[in-house]
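K.L.:
Return a 3D structure for these sequence lines:
(2 chains)
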Amino acid sequence: MYAAVIVFPGSNCDRDLAVAFERAGAQVSMVWHKDTDLPQGVDIVGVPGGFSYGDYLRCGAIAANSPICRSVITHADKGGYVLGVCNGFQILTETGILPGALLRNAGLKYVCKPVELCVATADSAFTSGYAKGGNLTVPIAHHDGNYYADDATLDRLMAEDRVAFTYCDNPNGSARGIAGILSENRRVLGMMPHPERMAEPLHGGTDGAALFAGVVGQLADA
Amino acid sequence: MKARVHVMLKSGVLDPQGEAVRHALGSMGFDGVEGVRQGKVIELDLAETDAAKAKSTVTAMCEKLLANTVIESYSVEIA
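P.N.:
As a prediction, the model looks like this:
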């Protein structure tokens, strides 16, 4: 199982994401944003958190138009797996791979704290290690995590069981408490909370580890 | 040729920054401010000399990068 983690100028969770994939059993390559192609044989692309391009213009907007992102879009279009965390989620919405957008937090403040998430679906490689309706605690660290989509899109996400996680106590004003969503084929997950920062005992908890174990395990079996 | 792009959050999208500014104005004694929306202005210096071509190019820039049309509307002025 082979994972590629994209590194943008301003990424700061790229190494955490790589370690989480590695500990779950994946081989990992780091890929620079100016590269035009993903390495051969990549099963999953990790789009990490951070402040790509200083969050200039809009969070994720410039990264979404970087050379490597064209290959990430092609990878997703061909049915490849993608995990976008925090700024990675913002980038995935900016590319159009996932619907909606992330607005400024309703409270206008940067929020950095552990939050409790509800598992809204176990029907995806990413969430297969959790029980639907169960809870996990992982950190958030963002200023623009207020998920927005029009009502028709939100209704569709819910009807298609594509909301992966919701906040138990909405910290940022996200529509319908959404913390993470899946693509139509359920192979792309974008989420604002950081499972890679709650994946080892030294992090203070391991609730995020099952996400990586789930997706790496499923892809290794394939 | 210069172009000026105005980018605003769409009318249905809550603008928490605009709301905060509205509250601040009210607390400073500026009564009667019923709404504040905050957007951004982007100015471009273009080599293009044909206004119609410039407008169509800048519109393409808005669609692809300068605005996120999921949440934002934009307008283009050529001067």
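K.L.:
any idea what sits nearest residue A:218, other than its immediate chain neighbours?
P.N.:
residue A:125 (4.0 Å; C-beta to C-beta, 6 or more residues apart in numbering or on different chains). Heads up, the C-betas are built off the backbone N, CA and C, glycines and all.
K.L.:
For residue A:93, list the residues it contacts.
P.N.:
A:60, A:99-102, A:190, B:70 (C-beta atoms under 8 Å, 6 or more residues apart in numbering or on different chains).
K.L.:
Distance of it relative to residue A:1?
P.N.:
According to C-beta to C-beta, to the nearest Å, residue A:93 and residue A:1 sit 26 Å apart.
K.L.:
residues near residue A:184, how many?
P.N.:
Using other C-beta atoms under 10 Å in any protein chain shown, residue A:184 has 12 other residues around it.
K.L.:
re earlier: pull up the per-residue confidence for the residue nearest to residue A:218.
P.N.:
pLDDT for residue A:125: 97.
K.L.:
show me what contacts it?
P.N.:
A:81, A:186-187, A:214-215, A:218-219.
K.L.:
pLDDT for those residues - can I get that in CSV?
P.N.:
Output for the contacts of residue A:125, formatted as CSV (pLDDT from 0 to 100):
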residue, pLDDT
A:81, 98
A:186, 98
A:187, 98
A:214, 97
A:215, 97
A:218, 93
A:219, 92
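K.L.:
Among those, name the ones in strands.
P.N.:
Among the contacts of residue A:125, the residues falling in strands (DSSP state E) are residue A:81.
K.L.:
Mind putting the contacts of residue A:125 into TSV with neighbour count?
P.N.:
Shown next, in TSV, are the contacts of residue A:125 (neighbours: other C-beta atoms under 10 Å in any protein chain shown):
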residue	neighbour count
A:81	26
A:186	18
A:187	20
A:214	19
A:215	27
A:218	17
A:219	18
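K.L.:
Redo the contacts of residue A:125 as a markdown table? Include distance to residue B:25.
P.N.:
Formatted as a markdown table, the contacts of residue A:125 follow (distance: C-beta to C-beta, whole Å):
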| residue | distance to residue B:25 |
| --- | --- |
| A:81 | 48 |
| A:186 | 46 |
| A:187 | 47 |
| A:214 | 50 |
| A:215 | 49 |
| A:218 | 53 |
| A:219 | 54 |
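K.L.:
which residues are in contact with the helix or strand bottoming out on mean pLDDT in chain B?
P.N.:
The helix or strand of chain B with the poorest confidence is helix B:16-27; it has a mean of 93 (mean pLDDT, DSSP states H and E). Identification of contacts with helix B:16-27 by C-beta under 8 Å, 6+ apart yields A:103-108, A:146, A:173, B:9, B:33, B:35-38.
K.L.:
which is the next helix or strand following it?
P.N.:
Counting by DSSP states H and E, the next helix or strand C-terminal to helix B:16-27 is strand B:40-45.
K.L.:
which bits of chain A sit near chain B?
P.N.:
Proximity of chain A to chain B is confined to A:57-58, A:61-62, A:65, A:93-94, A:99-101, A:103-108, A:146, A:148-150, A:173 under the rule C-beta under 8 Å from any C-beta of the partner chain.
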